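Asker: Below is the sequence, then the predicted model.
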Protein chains: 2
Amino acid sequence: MEKFQERRFLKKEILYLPNDEKNLVFLVKHGRVRIYLAYEDKEFTLSILSPGDVYSTHTRAFIQAMEDTTILVTDVRNFQKIVINSPVFGLNIVKVLGDLLKSSFTIINSLVFKETYLRLAEFLVQAAEDIGIPVQQGIKLELGLTTEEIALIVGSTRQTVSVFLNDLQKSGILEKVNRRTILIKDLKKLQRIESGF
Amino acid sequence: MEKFQERRFLKKEILYLPNDEKNLVFLVKHGRVRIYLAYEDKEFTLSILSPGDVYSTHTRAFIQAMEDTTILVTDVRNFQKIVINSPVFGLNIVKVLGDLLKSSFTIINSLVFKETYLRLAEFLVQAAEDIGIPVQQGIKLELGLTTEEIALIVGSTRQTVSVFLNDLQKSGILEKVNRRTILIKDLKKLQRIESGF
């Protein structure tokens, strides 16, 4: 570990900007770090790193401290030597990159199907207002509609609607209780999608 | 290597579909493999794997043989053990995932700025027709415009235009010769962008 340099950052501080000149690898020692893509008026969070997670600086993403954070930094060459000696570091970066890749695919998905997604979110928000039953964990929607029928309503395909519902389930926004019943667990997030991300 | 199973695929055959049930890791032994995302009418190639490259089956991407291909397959748990013993496998999958992540960021970028990108591609194709000088490597555009001035024309910012031009340079479509001169190396690809990917 002697080749690592310790660096400290305050909450909200930017650790690295996109395409930072130096190609470094860092390990989170304390704190939490957010990896995100930012465009003129949009932000996409890709991942949140915890202590033990490893990431590199030389990407298109912004890297920000979510709380007071300490990282251990080294250059890529040294990191490769470390992986050869302690393969568990390699497994960790594989996990982090896998998570980032998964988030990226979700973002690509939502951008490709943006119009459909907006209509679907709008449909669910409207249904929550019209026929939603407040329950302990959120709002229960007894839609009485199959995925195919929802797809017809929003002008899409069964497959796209199904991917979208799975995405919403994975992000904790809703839960598919059974074929025709949906539990909305986070209406606010759904409304945020409906109003254009 | 004894825990790997060998599998053969013909050119164009699909190795794995998105979200394939089993969580497997494979190593390309012979041939080339394309990783891509496909939507109703769009396809995005994320990466092309060569012999020695390692990837996993349990993602949102399609995996297709570009030529007759042989892969060695194992499950994720066994792969983790292999990485612990042969860390060079870990480094390889880090490289593959890093490349995939980079492509994903480029795709996200192009989707977020789709309108701007279309206008920029249109501007460059038009300029090639109007003032392009055929040279050995392609079509030379002596635009006499800075990135800022191009941004004004297409209704965007200097930064976005600059990212777009860098992307086009990385994909081999054009080359920035100097501040005001661009060499278009692949007009057909540029026209394909202009006509909506």
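Answerer: Great, that's in hand.
Asker: Now residue A:46. Its backbone dihedrals?
Answerer: The phi/psi pair for residue A:46 (degrees, to the nearest 10) reads phi -90, psi -40.
Asker: For stretch A:45-57, C-alpha coordinates in CSV please.
Answerer: Backbone C-alpha positions of stretch A:45-57 (Å, rounded to 0.1, in the frame of the first residue of the first chain) are rendered in CSV as follows:
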residue,chain,number,x,y,z
THR,A,45,-26.0,9.1,-11.5
LEU,A,46,-24.2,6.0,-12.5
SER,A,47,-23.0,4.6,-9.2
ILE,A,48,-22.2,5.4,-5.6
LEU,A,49,-18.9,4.1,-4.3
SER,A,50,-18.4,2.9,-0.7
PRO,A,51,-15.2,2.2,1.2
GLY,A,52,-13.2,-0.6,-0.5
ASP,A,53,-14.5,0.4,-4.0
VAL,A,54,-12.0,1.1,-6.7
TYR,A,55,-12.4,3.4,-9.7
SER,A,56,-10.4,5.3,-12.2
THR,A,57,-10.2,9.1,-13.0
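Asker: give me the beta-bridge partners of the nearest residue to residue A:43 once chain neighbours are set aside?
Answerer: Of all residues not flanking residue A:43 in the chain, residue A:36 sits nearest, at 5.6 Å (Cβ to Cβ, 6 or more residues apart in numbering or on different chains). Every C-beta, even on glycine, is put in place using the N, C-alpha and C of the backbone. Counting by DSSP bridges, residue A:36 is bridged to residue A:45, residue A:62.
Asker: burial measure for residue A:36, as a count.
Answerer: The local packing of residue A:36 (other Cβ atoms under 10 Å in any protein chain shown) involves 15 other residues.
Asker: got a list of what it touches?
Answerer: Applying Cβ atoms under 8 Å, 6 or more residues apart in numbering or on different chains, we find residue A:36 in contact with A:43, A:44, A:45, A:46, A:61, A:62, A:64.
Asker: Which of those ranks first by neighbour count?
Answerer: Most neighbours among those, by other Cβ under 10 Å: residue A:61, with 26 neighbours.
Asker: Pick the one among the contacts of residue A:36 closest to residue B:120.
Answerer: residue A:44 (21.8 Å; Cβ to Cβ).
Asker: The closest one contacts residue A:37, correct?
Answerer: Yes: using Cβ atoms under 8 Å, residue A:44 is in contact with residue A:37, at 4.6 Å.
Asker: which residues touch whatever residue of chain A ends up closest to chain B?
Answerer: Chain B sits closest to residue A:90 of chain A, with a gap of 2.9 Å, by Cβ to the nearest Cβ. Residues in contact with residue A:90, defined by Cβ under 8 Å, 6+ apart, are A:83, B:83, B:87, B:90, B:91, B:94.
Asker: what helix or strand is the last one on?
Answerer: Here residue B:94, judged by DSSP states H and E, is contained in helix B:87-112.
Asker: pLDDT (mean, whole number) over that helix?
Answerer: If you average the pLDDT over helix B:87-112, you get 85.
Asker: just stretch A:49-56 next, same as before
Answerer: Here stretch A:49-56 scores 92 as its mean pLDDT.
Asker: before we move on, back to that, show me whatever sits in contact with both of residue A:44 and residue A:37.
Answerer: Common contacts of residue A:44 and residue A:37 (Cβ under 8 Å, 6+ apart): A:107, B:108.
Asker: about what we covered before: of the contacts of residue A:90 - the most surrounded one?
Answerer: residue B:90 leads the contacts of residue A:90 on contacts (other Cβ under 10 Å) with 26 neighbours.
Asker: what residue ranges in chain A score low on pLDDT?
Answerer: Counting by pLDDT under 70, chain A shows low-confidence ranges at A:1-2, A:21, A:196-197.
Asker: just the helices in it please.
Answerer: Assigned by DSSP state H, chain A shows helices spanning A:76-85, A:87-112, A:114-131, A:147-154, A:158-170, A:187-194.
Asker: The longest one: which residues count as buried?
Answerer: The neighbour-count criterion (16 or more other Cβ atoms under 10 Å in any protein chain shown) identifies A:87, A:89-94, A:96-112 as the buried residues of helix A:87-112.
Asker: and if you look at stretch A:54-69?
Answerer: If you call a residue buried by 16+ other Cβ under 10 Å, then stretch A:54-69 has these buried ones: A:54-65, A:69.
Asker: wait, which of those is closest to residue B:77?
Answerer: Distance to residue B:77, by Cβ to Cβ, is smallest for residue A:54 among the buried residues of stretch A:54-69, at 20.9 Å.
Asker: I'd guessed that closest one sits against residue A:27; true?
Answerer: Yes: at 5.1 Å, residue A:54 counts as touching residue A:27 under the criterion of Cβ under 8 Å.
Asker: where do the contact lists of these two overlap?
Answerer: Shared contacts of residue A:54 and residue A:27, counting by Cβ under 8 Å, 6+ apart, come down to residue A:89.
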